[in-house]
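*Asks:* Show me the folded form of this:
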Amino acid sequence: MKILHLDTNHPLLINQLNDLGFTNHENYSDSKEDIQKIIHEYDGFIIRSRFSINRDFIDSAKNLKFIGRVGAGLENIDCDYAQEKGITLIAAPEGNRNAVGEHSLAMLLSLFNKLNKADREVREGQWLREDNRGLELDGKTVGLIGYGNMGKAFAKKLRGFDVQVLCYDLKPNVGDNNAKQVSLEELQEKADVLSLHTPETDLTVGMVNQAFINTFKKDFWLINTARGKSVDTSALVSALKTGKILGAGLDVLEYEKASFENLFSDGNMPEAFQYLIQSENVLLSPHVAGWTIESKEKLAQTIVDKIKAKFY
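*Replies:* Here you go, the predicted structure:
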């Protein structure tokens with residue numbers, strides 16, 4: 001089998017596939033159009049997020065047996081069409097779930113203890129102890145929407161705290177010893193913290209909008225390490241201003257796919273985003289919750305293991 005690698009990854013990915021007898025080619029620079037002209041030569045290809053895989057591309061891949069995506073989500077692939085064509089889809093959520101769980105916890109604890117604000121103030125010569133009095137996580141109720149690999153990893157990290165963890169998921173019977181599965185209504189009634197762990201789908205795009213936020217009985221904290229488009233940023237900002245949302249940890253943003261850097265250079269920064277970057281109760285990171293030294297290796301190993309199990 002011939003495999004085309006379209007994004008750089010941990011070297012073990014190619015090394016181990018070579019050892020298994022697969023032929024591996026690398027192409028990290030050609031355009032999607034140029035790749036499409038040669039993709040019929042390959043039995044499989046491995047990608048991160050370099051470009052989307054649509055019907056036309058899949059139709060050109062006449063010998064394709066699998067698509068490997070070194071990451072958790074498959075939203076950049078027309079999965080239904082690929083499966084119609086008998087193509088196996090291979091993702092690696094097991095590879096970075098621990099990293100996402102740790103990052104989610106780090107964001108939550110940082111928000112509760114105002115660590116970003118306090119660190120900046122001390123560096124500026126300000127010693128404001130009362131102004132930086134924190135909150136304790138113990139005694140709170142944490143609600144998770146999405147209880148797959150990422151949600152379960154975060155719930156596992158919360159076991160050391162005296163918290164109630166609730167989860168809501170479209171799939172039945174996914175709750176476990178770390179989280180009690182409940183209806184969305186019960187989660188919205190009880191949660192002090194909401195953490196998102198959902199893929200990007202038609203159901204989740206714009207899910208956290210004004211109406212959704214207003215259904216929560218308590219004022220709450222929001223953590224999003226899932227997908228940026230799940231949160232309506234304007235609605236989030238409105239809720240931050242009123243105090244309905246007490247603070248937010250955002251590893252992902254709805255703007256990130258539209259060249260995030262240009263927001264700072266072309267004079268067209270959305271007003272809602274201007275508020276986020278100036279807010280002391282908002283913590284931002286550049287979609288790196290799943291990006292650790294360890295997860296880079298784990299993601300690659302997961303892809304190798306799944307290819308080996310299916311095709312070796």
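
*Asks:* show me the residues around Asp251 that make contact.
*Replies:* His103, Met107, Asn224, Thr225, Leu284, Ser285, Pro286, His287, Val288, Ala289 (Cβ atoms under 8 Å, 6 or more residues apart in numbering). All C-beta atoms are positioned from the backbone trio N, CA, C, and that covers glycine.

*Asks:* Please narrow those residues to those residing in strands.
*Replies:* Counting by DSSP state E, these place Asn224, Leu284 in strands.

*Asks:* And the buried ones among the contacts of Asp251, selectable in PyMOL?
*Replies:* Under the burial definition 16 or more other Cβ atoms under 10 Å, those of the contacts of Asp251 that qualify are selected in PyMOL by:
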select buried, resi 103+107+224+225+284+285+287+289
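
*Asks:* distance between stretch 116-134 and the chain's centre?
*Replies:* From the chain centre to the centre of stretch 116-134 is a distance of 30 Å (Cα atoms, centre = their mean, to the nearest Å).

*Asks:* Repeat that for stretch 265-283.
*Replies:* 21 Å.

*Asks:* low-confidence ranges in the stretch 151-300 of the chain?
*Replies:* Along the stretch 151-300 of the chain, the parts satisfying pLDDT under 70 run over 258-259, 266.

*Asks:* For burial, what's the neighbour tally of the residue lying closest to Phe57 once chain neighbours are set aside?
*Replies:* Distances taken as Cβ to Cβ, 6 or more residues apart in numbering place Gln36 nearest to Phe57, at 5.5 Å, with adjacent residues excluded. Counted by other Cβ atoms under 10 Å, the residues lying close to Gln36 total 18.

*Asks:* quick one: the residue most central in space within the chain from Val208, how far?
*Replies:* Geometric centre of the chain, nearest residue: Ala226, 3.1 Å, by Cα atoms, centre = their mean. From Ala226 across to Val208, the span is 10 Å (Cβ to Cβ, to the nearest Å).

*Asks:* hang on, the earlier thing: which of the contacts of Asp251 sits closest to Gly125?
*Replies:* Distance ranking of the contacts of Asp251 against Gly125, using Cβ to Cβ, places Leu284 first at 24.4 Å.

*Asks:* Tell me what the closest one is bridged to.
*Replies:* When bridges are called by DSSP bridges, Leu284 pairs up with Leu250.

*Asks:* and it, how far is that from Ala153?
*Replies:* Distance from Leu284 to Ala153, by Cβ to Cβ: 21 Å.

*Asks:* ok, which stretches of the stretch 201-312 of the chain are strands?
*Replies:* 220-224, 245-250, 282-284 (DSSP state E, counting those that start in this stretch).

*Asks:* could I get those as TSV with distance to Thr201?
*Replies:* What follows is the strands of the stretch 201-312 of the chain, written out as TSV (distance: least, Cβ to Cβ, whole Å):
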stretch	distance to Thr201
strand 220-224	15
strand 245-250	19
strand 282-284	24
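
*Asks:* and of these, who's closest to Arg123?
*Replies:* Closest of the strands of the stretch 201-312 of the chain to Arg123 is strand 282-284, at 16.8 Å (criterion: Cβ to Cβ).

*Asks:* quick one: contacts of the closest one?
*Replies:* 107, 110-111, 116, 240, 247-251, 253, 276-277.

*Asks:* Of those residues, select the buried ones using a ChimeraX command.
*Replies:* Buried subset of the contacts of strand 282-284, written as a ChimeraX selection, criterion 16+ other Cβ under 10 Å:
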select :107,110,111,240,247,248,249,250,251,253,276
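
*Asks:* now, among the contacts of strand 282-284, which is nearest to Ser31?
*Replies:* Using Cβ to Cβ, these come closest to Ser31 at Leu253, 26.6 Å.

*Asks:* Let me see the backbone angles for the closest residue in space to Ser104 that isn't next to it in sequence.
*Replies:* Nearest non-adjacent residue to Ser104, counting by Cβ to Cβ, 6+ apart: Phe154, 4.6 Å away. Dihedral pair for Phe154: phi -70, psi -40, per degrees, to the nearest 10.

*Asks:* Wait, Phe154 touches Ser195, no?
*Replies:* Yes - at 6.1 Å, Phe154 counts as touching Ser195 under the criterion of Cβ atoms under 8 Å.

*Asks:* Which neighbours do those two have in common?
*Replies:* Ser104, Leu144.

*Asks:* before we move on, the earlier item: quick check, the residue nearest to the centre of the chain in contact with His197.
*Replies:* Yes - the criterion here is Cβ under 8 Å, and Ala226 meets it with His197 at 5.4 Å.

*Asks:* what's the overlap in contacts for those two?
*Replies:* With contacts taken as Cβ under 8 Å, 6+ apart, the residues that reach both Ala226 and His197 are Gly146, Met150.
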